[in-house]
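Visitor: I'd like to go over a predicted model; first the sequence, then the structure.
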Amino acid sequence: MKTSRYSSNSTVFYFTAGMAVRNNMFRGRSPALAGRSGGDERQSGSRGGARNYQSIFACVLADLKLKNSEKPQPRSGHRIAADEGNLYSFGGYNPAGRQREGSLYRELWKFNLATKRWTLLKHGDSCPEETASHSMLLMGSSLLVAFGTGFPFGEKCSNQLHVYHIPSAKWQTVTCGGDMPSPRYGQSMTLKDGSVFVMGGTTGFNYNMKVYRLNFETLHWEDTSPSTSVFPGQDGDETPAPRYRHEVATSGNWLYVLGGGTAQICFNFEVVPSYNTQTKKWANMTAQPCPRTGQFPPARKFHAAVQHANFAYMFGGFDGDAIMFNDIWRLDLSNLQWTKMWQTLPQEIYFHTATTTPAGCMYVFGGVTTANGATRSNHVFKMWLTMPTLQELVWDRICEKHPKLLANLETPANRAAMRAQGIMLPRLFYSRLD
């Protein structure tokens with residue numbers, strides 16, 4: 001995919017459905033592959049269909065010059081989460097940044113997906129201090145932040161759970177009991193069946209692959225690490241090698257571990273370490289290569305991954321030596337089939353972070369952009385992982401073309417004035433402007 005229009009001054013990049021809306025949707029024609037997963041390869045029966053499908057993800061670069069120029073500084077090691085209307089980014093690290101607390105960013109930002117406007121949210125004394133390689137999840141109207149490290153890395157790590165209640169804009173430190181995980185950073189944290197599963201991580205010196213489960217009803221931690229793992233036809237210990245900065249996808253009773261590494265090594269994707277949450281056993285499952293290329297993703301760490309439906313999407317990362325990645329891979333969790341997608345990120349990147357909206361749109365923010373670790377990004381990338389509903393397509397188109405207009409609708413008075421002029425929006429979309 002061409003990225004010749006990339007500009008270092010651009011602040012927001014879009015893989016957008018706008019091209020499809022402009023060229024097809026509003027002319028009464030549907031892309032040939034409507035309804036398929038957005039990450040699939042171009043497998044249409046006609047060349048025209050492939051072009052239509054490709055246009056859905058045509059790369060459009062935008063340099064939004066809104067009145068509110070406040071935005072996060074470039075960073076890595078942060079985490080993001082998103083709901084229908086906003087992206088939230090907490091923490092991060094940049095040795096060359098202008099932050100007040102050393103090299104770390106102890107701050108929570110909100111990025112409105114419609115107005116493209118960043119807002120720095122206030123925080124109190126309960127805001128976490130360990131703001132690099134922590135974990136963050138969105139649960140209802142609250143952000144869950146846990147673990148992480150201060151700087152220098154590993155000298156001060158956390159095992160605390162913090163909750164930020166979005167409506168009240170307040171942090172709270174939650175007291176938990178049971179088998180508390182030791183302080184760490186670079187772990188995975190996955191929400192499944194009303195519980196949180198934490199895997200792996202490091203103290204900066206030692207690595208592990210222990211599994212912990214937090215029951216939200218009792219706020220009780222349980223060490224669910226097996227001593228041995230039994231898989232049909234095999235007996236023995238299949239606990240994967242210790243690691244950090246891996247990613248996890250989930251399907252059925254399984255948690256699938258994707259990549260990761262230590263200071264010396266990084267792991268491949270030909271075998272997927274898999275943890276069964278019911279039996280509490282590990283199994284090493286053999287993945288299938290991309291049917292088009294016959295290849296697996298190259299081994300890496302510091303990548304990012306998201307999940308939509310029964311597909312995981314993994315992208316970016318670093319091989320630990322000199323190679324950075326901008327490729328995008330999809331893993332079908334029903335059969336562990338890898339597919340190398342034709343899309344790529346506009347830049348090679350690692351230590352970035354990603355999330356998806358409920359509608360199936362992926363956002364990527366920040367990361368390191370040079371192999372020597374000297375340069376970081378504060379760009380936002382966007383990509384649809386599925387064919388959106390017509391309502392979402394129209395809203396996406398409005399947001400792409402009229403962010404300044406939408407920014408003027410943030411106050412009730414302005415909304416009333418716009419309605420008086422005959423400009424109406426469904427209440428659902430007004431709520432996304434808050």
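Guide: On my side now, so go ahead.

Visitor: which strands and helices sit next to the helix or strand containing residue 80?
Guide: Secondary-structure assignment from DSSP states H and E places residue 80 in strand 79-82. The criterion is 3 or more Cβ pairs under 8 Å, 6 or more residues apart in numbering; DSSP states H and E, and the helices and strands that strand 79-82 contacts are strand 86-90, strand 135-139, strand 353-356, strand 361-368. (Glycine included, C-beta is placed from N, CA and C.)

Visitor: what's in contact with the first one?
Guide: When you say that, I think you mean strand 86-90. Here strand 86-90 makes contact (Cβ atoms under 8 Å, 6 or more residues apart in numbering) with 72, 78-82, 107-113, 128, 131, 134, 136, 138, 143, 145, 164, 166, 353, 355, 363, 365-366, 380, 432.

Visitor: Please name every helix or strand in contact with the following helix or strand past it.
Guide: Moving toward the C-terminus from strand 86-90, the next helix or strand (DSSP H and E) is strand 108-112. Secondary-structure packing of strand 108-112 (3+ Cβ pairs under 8 Å, 6+ apart): strand 86-90, strand 117-121.

Visitor: most neighbours per residue, which of those?
Guide: Among the helices and strands packed on strand 108-112, judged by mean count of other Cβ atoms under 10 Å, the one packed with the most neighbours on average is strand 86-90 (a mean of 23).

Visitor: Export that strand to PDB, keeping only CA atoms.
Guide: Output in PDB follows, covering the C-alpha atoms of strand 86-90 (Å, rounded to 0.1, in the frame of the first residue of the first chain):
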ATOM      1  CA  ASN A  86     -13.800   7.900  22.900                       C
ATOM      2  CA  LEU A  87     -10.400   6.400  23.100                       C
ATOM      3  CA  TYR A  88      -8.600   6.500  26.500                       C
ATOM      4  CA  SER A  89      -4.800   6.500  26.800                       C
ATOM      5  CA  PHE A  90      -3.000   6.100  30.200                       C
END
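
Visitor: by how many degrees do that strand and strand 108-112 diverge?
Guide: Orientation note: strand 86-90 sits at an angle of 160 degrees relative to strand 108-112 (axes from the mean of the first three to the mean of the last three Cα atoms, to 10 degrees).

Visitor: Strand partners (parallel or antiparallel) of strand 86-90?
Guide: The sheet places strand 86-90 alongside strand 79-82 (antiparallel), strand 108-112 (antiparallel), with pairing taken from DSSP bridges.

Visitor: pLDDT of it, averaged?
Guide: For strand 86-90, mean pLDDT is 97.

Visitor: Quick check: the spatially most central residue of the chain vs residue 298, distance?
Guide: If you average the C-alpha coordinates of the chain and look for the closest C-alpha using Cα atoms, centre = their mean, you land on residue 354, 1.9 Å from that point. For residue 354, the distance to residue 298 (Cβ to Cβ, to the nearest Å) stands at 19 Å.

Visitor: Next: residue 206.
Guide: 27 Å.

Visitor: Compare those two (neighbour count), which wins?
Guide: Of the pair residue 206 and residue 298, residue 298 is the one with more neighbours under other Cβ atoms under 10 Å, namely 15 against 12.

Visitor: That one belongs to a helix?
Guide: No. Inclusion of residue 298 in a helix is not indicated when DSSP: H, G, I helix; E, B strand; the rest coil is applied; the result is coil.

Visitor: nearest residue to it other than its sequence neighbours?
Guide: Computed as Cβ to Cβ, 6 or more residues apart in numbering, the closest residue to residue 298 that is not its neighbour in sequence is residue 319, at 6.6 Å.

Visitor: and the one you found, how many neighbours?
Guide: Counted with other Cβ under 10 Å, the neighbours of residue 319 add up to 17.

Visitor: likewise residue 434?
Guide: Around residue 434 there are 11 residues (other Cβ under 10 Å).

Visitor: List the contacts of the residue nearest to it when sequence neighbours are not counted.
Guide: Beyond its immediate neighbours in the sequence, the residue positioned closest to residue 434 (Cβ to Cβ, 6+ apart) is residue 85, lying 6.7 Å away. Taking Cβ under 8 Å, 6+ apart as the criterion, residue 85 is in contact with 112-114, 431-434.

Visitor: try it again with 10 Å
Guide: Neighbour list for residue 85: 110, 112-115, 357, 428-434 [criterion: Cβ atoms under 10 Å, 6 or more residues apart in numbering].

Visitor: Pull the most distant pair out of those residues.
Guide: Using Cβ to Cβ, the two most remote members of the contacts of residue 85 are 110 and 428, lying 19.0 Å apart.

Visitor: The two: which is more packed in?
Guide: Looking at residue 110 and residue 428 with other Cβ under 10 Å, you find the greater number of neighbours at residue 110, namely 17 against 11.

Visitor: now for the helices and strands packed on strand 79-82, which one comes closest to residue 214?
Guide: Evaluated with Cβ to Cβ, the helices and strands packed on strand 79-82 place strand 135-139 nearest to residue 214, the distance being 10.9 Å.

Visitor: residue ranges with poor pLDDT in the stretch 201-350 of the chain?
Guide: Counting by pLDDT under 70, the low-confidence segments of the stretch 201-350 of the chain come to 227-236.

Visitor: what about the strands in it?
Guide: Using DSSP state E, counting those that start in this stretch, the strands found in the stretch 201-350 of the chain span residues 207-215, 220-223, 247-251, 254-258, 271-276, 281-286, 304-308, 311-315, 327-332, 337-344.

Visitor: Quick check: can you name the pairing partners of the third one and their directions?
Guide: Paired strands of strand 247-251, with direction, are strand 254-258 (antiparallel) (DSSP bridges).

Visitor: picking up where we left off before, relative to residue 248, how far out is the residue nearest to residue 298?
Guide: Counting by Cβ to Cβ, the gap between residue 319 and residue 248 amounts to 20 Å.

Visitor: same deal with residue 138?
Guide: Using Cβ to Cβ, we find residue 138 at a distance of 16 Å from residue 248.

Visitor: Likewise for residue 394?
Guide: 34 Å.

Visitor: Repeat that for residue 237.
Guide: Look at residue 237 and residue 248: by Cβ to Cβ, they are 20 Å apart.

Visitor: Give me the more crowded residue out of the two.
Guide: Set side by side, residue 237 and residue 248 show unequal neighbour counts under other Cβ under 10 Å, the larger going to residue 248 at 23 against 10.

Visitor: Can you verify my assumption that the more buried one contacts residue 196?
Guide: No. In this structure residue 248 lies outside contact range of residue 196 using Cβ atoms under 10 Å: 11.4 Å.

Visitor: between the two, what contacts are shared?
Guide: Among the neighbours of residue 248, those also in contact with residue 196 (Cβ under 10 Å, 6+ apart) are 189-190.

Visitor: No further questions, thank you.
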